[in-house]
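Asks: heads up, no residue letters with this:
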């Protein structure tokens, strides 16, 4: 569904991504993990058209989207839940979600929007309760759900999430990952970028590790979770030292 | 209430509503783009000037409508030519550009219409007609001005609060990246904010032209006063802009009753500086999202 | 080989001298008049270049400071204080030797303030104004300062235009020469043309030296840090507020000095010197010369003000500067000299391609 080929992205003189290649097959959940500054957000921004690569190509569902604008990419079925939630604080929850459904009007599917709204509010009951409240009054976890719900309103075939667990309490993080899992099971392809490597890999089928702009590891999620390099660098465990301690 | 006092009050309210509309125009563009559009006052001038030219050939209502539409086109052109294709310019650069644009518009107006002072005919009656309101005499044009500006404010507020296009513009103003991720046509929404501001300013310019006259250079003073209103009232709320505009207009009118009228502009600017002086940390946070 | 700042100023003075000699040789000594005026206007531009380029602040009313300087010295040196001899202020000033008696145009006598004293008072007034405006406003974002300075400039203009004893629309005329050592003076007399030229050039050179000193010293580097990233600079201990205020006040002082001397040179001043358009012209010149390039601003200023004064732009004077402003900011925000045509063209093409591909 999504193919990225030897992508280079630079901000002025600083190259943030180098020769990044990855792919996401329909129905998969793919996780991209890495530390701060590795370039994960830039990668998603490039896919969604917010930044322009200096080299390489990006293919969505069989055609290149390099010169398609963000609006076109969203209309083609690729939605991004951005880093830091980025909901519309001064608009109500309901309005936030309805705006997410804007592409449906472009596609001529306005009739489906109301049904979609109901479905999203059912998926996130807390949003249903707060549907007329302003987005800015929601808690961090609720805003994250709102952001995901807003992206879902566009009926994406590929949902990308940028660090959905950031800044959230562990219990909420668990909930968020469960929601993502559910979304995937409902048929949506998911590309998940996370610093929380363990949580992301547990719900993913495959993963990539991004380090200072390059893919340094890739493989099935199980393999990555078990690999000792991963364990040491991203999962916080040195196998040789901690083997007496149980699995967290 | 003495007749003179009432006179000054009406003059103040009339000018005040115009300032409020200019201030709202500032707000709309600022909220959408973070740009303080120095050319805002020129839209008011253009509305009046174009209408004056057209009224020689067309009935007054049609002349006004076309003048407003023409100014809206100018507003769109300003955005398309000078603002749209700049990628994250600095505040300094944006200020300089809009100052330059306002000069170009003003000089074009000078070229087309010369230095002559012009005025639209009174919508109803003449300059000596007056209505009796509460025992005092008020020109019907004043009533037109207050009514038209109030309608403008009300319609704009309703537009932003309830219409989907208005909510789209608010979303774009609140968080442009998030808006584009919703698939919203952010660039066109920004152009729309310029078109809306230009149209509002133009209508205000038409409706007040019979009383205050129109000249190629009235734009700069209006821009300053509009900015004062925007600061006073808050770069966000339209009700506050109206209140601030009326306060400024009335203050100016009464100040001129005790000081020479040549100081009229100086007085309201002094108020602006006093506000900035007394609230040095800035009255409002940067990029306050629009609150209708 | 980078020439140090003294060398740069020396080269500048040499060029100025060369220009004067060339004009004399070509029999066009009268050009010195406009060149002298250009030099004084350039003094304002140098101050603005410091303000815009190094402190990253914008002033849309700098002509106001010029006018404050010019009008103050004009009023003080032409207003007859004789009728007020009785008042304690005038009597005290006379005793301190701050006043002098000089003949007026009609054969009578005027009791006026000494030009030197008037100059000092003019500059002091401009400084006070700059501090009053600068302190509250420099803490705010860019457009607050822009509007506040626009406001100040407009107030000065309104007051100059509307006040009778400031000459209203006609301004003040018959301003006496400003006496200099060795019997020279700053005035418009043709036989003093060459001396006046070098006085102006000298002032400009001194100002450039001062500016270069600031820019290359710790202060300048600090200022550039502000312009780049104010919060970071603040976190590193740079007193951003004080530096911005200092630069603002200095630029106001330079404008006031220019105002004083040009008024004596021209023998008068009018409200047009305080107009918004004048301020905008100063800004346009800094922009085209390169915001952040002192010599660029100086060069552009001399060239453009000279052309404008000689009337080359005709009735389109304002349009030219407005167009320059817009054009430079759109296409070459770093100034004309920083423009790299090929790279700019490629960037333009890329942007148009993108703009075409996305309407929303």
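Replies: Okay, I see it. None of these values were measured; they are calculated from a predicted model.
Asks: for the spatially most central residue of chain C, give its distance to residue C:65.
Replies: Within chain C, one residue has its C-alpha closest to the average C-alpha position: by CA atoms, centre = their mean, that is residue C:44, at 1.4 Å. According to CB to CB, to the nearest Å, residue C:44 and residue C:65 sit 8 Å apart. (C-beta placed from N, C-alpha, C; glycine too.)
Asks: can you work out which residues contact both of these two?
Replies: Contact criterion CB atoms under 8 Å, 6 or more residues apart in numbering or on different chains; residues shared by residue C:44 and residue C:65: residue C:255.
Asks: quick one on the thing from earlier: isn't the residue nearest to the centre of chain C up against residue C:69?
Replies: No - the pair formed by residue C:44 and residue C:69 falls short of the contact definition of CB atoms under 8 Å, at 9.8 Å.
Asks: tell me which element the residue nearest to the centre of chain C is part of?
Replies: The secondary structure element spanning residue C:44 is helix C:31-49 (assigned by DSSP states H and E).
Asks: and that helix, anywhere near chain B?
Replies: No - looking at helix C:31-49 against chain B by CB under 8 Å from any CB of the partner chain, there are no contacts, and the closest approach is 12.0 Å.
Asks: average pLDDT for that helix, rounded please.
Replies: If you average the pLDDT over helix C:31-49, you get 91.
Asks: follow-up on the earlier one: so the closest residue to the residue nearest to the centre of chain C other than its chain neighbours is in which element?
Replies: Here the nearest residue to residue C:44 in space, its sequence neighbours aside, is residue C:255; by CB to CB, 6 or more residues apart in numbering or on different chains that works out to 4.5 Å. Assignment of secondary structure by DSSP H and E places residue C:255 within helix C:240-266.
Asks: in that helix, which residues are buried?
Replies: For helix C:240-266, the neighbour count (16 or more other CB atoms under 10 Å in any protein chain shown) marks C:240, C:243-266 as buried.
Asks: backbone dihedrals for residue C:328, please?
Replies: phi -60, psi -40 (degrees, to the nearest 10).
Asks: contacts for stretch A:47-56?
Replies: Where contact means CB under 8 Å, 6+ apart, the residues beyond stretch A:47-56 that reach it are A:2, A:4-11, A:15, A:17, A:19-21, A:42, A:45-46, A:58, A:60, A:65-66, A:68-70, A:72-74, A:78, A:80, A:160, A:191, B:177, B:180-181, C:354, C:358.
Asks: for residue 107, what are its contacts?
Replies: You didn't say which chain, so I picked chain A. Contacts for residue A:107 were tallied using CB under 8 Å, 6+ apart; they are residue A:75.
Asks: just the helices in chain A please.
Replies: Counting by DSSP state H, the segments of chain A that form helices are A:40-47, A:70-75, A:93-100, A:102-106, A:111-123, A:125-129, A:140-152, A:170-185, A:197-203, A:221-226, A:228-233, A:239-242.
Asks: run through the neighbouring helices and strands of the helix holding residue C:255.
Replies: Judged by 3 or more CB pairs under 8 Å, 6 or more residues apart in numbering or on different chains; DSSP states H and E, helix C:240-266 is in contact with helix C:31-49, helix C:62-78, helix C:115-137, strand C:178-179, strand C:185-186, helix C:193-216, helix C:218-228, helix C:230-235.
Asks: just the ones you listed: most buried one?
Replies: Relative to the other members of the helices and strands packed on helix C:240-266, helix C:62-78 carries the highest mean neighbour count by mean count of other CB atoms under 10 Å in any protein chain shown, namely a mean of 29.
Asks: next structured bit after the longest helix along chain B?
Replies: The longest helix of chain B (DSSP H) is helix B:3-33. Sequence-wise, the next helix or strand beyond helix B:3-33 is helix B:40-54, with elements assigned using DSSP H and E.
Asks: off-centre distance for that next one?
Replies: Between the mean C-alpha location of helix B:40-54 and the chain-wide mean there is a distance of 12 Å, by CA atoms, centre = their mean, to the nearest Å.
Asks: can you confirm whether the helix or strand following it lies near chain C?
Replies: Tracing the chain C-terminally past helix B:40-54 and defining elements by DSSP H and E, one meets helix B:60-78 next. No - counting by CB under 8 Å from any CB, chain C is not contacted by helix B:60-78; separation bottoms out at 10.5 Å.
Asks: for helix B:60-78, buried residues please.
Replies: Neighbour-count burial for helix B:60-78, counted by 16+ other CB under 10 Å, picks out B:63-64, B:66-68, B:70-72, B:74-76, B:78.
Asks: where in chain A is pLDDT low?
Replies: For chain A, residues meeting the criterion pLDDT under 70 lie at A:234-248.
Asks: and whichever residue of the stretch 1-150 of chain B sits closest to chain A, how many neighbours?
Replies: When scored by CB to the nearest CB, the stretch 1-150 of chain B has residue B:31 as its residue closest to chain A, at 10.0 Å. Burial of residue B:31 is recorded as 23 neighbouring residues (other CB atoms under 10 Å in any protein chain shown).
Asks: leaving out chain neighbours, which residue sits closest to residue A:2?
Replies: Beyond its immediate neighbours in the sequence, the residue positioned closest to residue A:2 (CB to CB, 6+ apart) is residue A:24, lying 4.2 Å away.
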